[in-house]
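1. Need coordinates for the following:
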Amino acid sequence: MAFSIVIIVFFYGFFSRDFNEKQRKSRTITIADLNAYHISEREFSVIQLVSQGLTNKEIASELNISVNTVNNHVANIFSKTGVRSRIDLLNLLRELNK
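-> Numbers count the residues shown, from 1 in each chain. Got it, this is the predicted structure:
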């Protein structure tokens, strides 16, 4: 049992350092990074909340706008960036963050 705990602690430490290293190398995406896509400030706010995993309903509540407006912003973001899903959008953001 003690051996198992040591292994778990070792791997936790190994992966934590790896994760922390990746965190140090990453940077925050700015609206300027998305200039090529002609993203508005409000669309950028929606992108930030999508990247945090919020649903359209949660985004609407956070931004004090209707769910339909969020749906429109998300559709516009998808159209402007050429992505077809939230996962594709997150992958695009990851690529821009390199």
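2. Touching stretch 75-84 from outside, list them.
-> 34, 37, 38, 39, 43, 46, 47, 50, 85, 89, 91, 92 (CB atoms under 8 Å, 6 or more residues apart in numbering). Bear in mind the C-beta positions are built from the backbone N, C-alpha and C, glycine included.
3. What separation do you get for the spatially closest residue to residue 85 that is not a sequence neighbour and residue 87?
-> Counting by CB to CB, 6 or more residues apart in numbering, residue 85 lies nearest to residue 78, which is 7.9 Å off, once chain neighbours are set aside. Relative to residue 87, residue 78 is positioned 12 Å away (CB to CB, to the nearest Å).
4. quick revisit: how far does the strand or helix carrying the residue nearest to residue 85 sit from the chain's center?
-> If you go by DSSP states H and E, residue 78 is part of helix 67-81. The chain centroid and the centroid of helix 67-81 are separated by 16 Å under CA atoms, centre = their mean, to the nearest Å.
5. the inter-axis angle of the following helix or strand past that helix versus helix 67-81?
-> The element immediately downstream of helix 67-81 (helix or strand, assigned by DSSP H and E) is helix 86-96. Calculated by axes from the mean of the first three to the mean of the last three CA atoms, to 10 degrees, helix 86-96 forms an angle of 50 degrees with helix 67-81.
6. Contact partners for the most centrally placed residue in the chain?
-> With distances taken as CA atoms, centre = their mean, the residue of the chain nearest its centroid is residue 51 (2.5 Å). Listed by CB under 8 Å, 6+ apart, the contact partners of residue 51 are 89, 90, 93.
7. Can you check the pLDDT for it?
-> According to the prediction, residue 51 has pLDDT 92.
8. Start at 58, not 1
-> All right, first residue 58 from here; so that's residue 108.
9. I'd like to know how far it sits from residue 94.
-> In terms of CB to CB, residue 108 sits 15 Å off from residue 94.
10. can you check residue 151 too?
-> 15 Å.
11. neighbour-wise, which of the two wins?
-> More crowded of residue 151 and residue 94, by other CB atoms under 10 Å: residue 94, with 18 against 12.
12. Excluding residues flanking it in the chain, which one is nearest that one?
-> residue 137 (4.7 Å).
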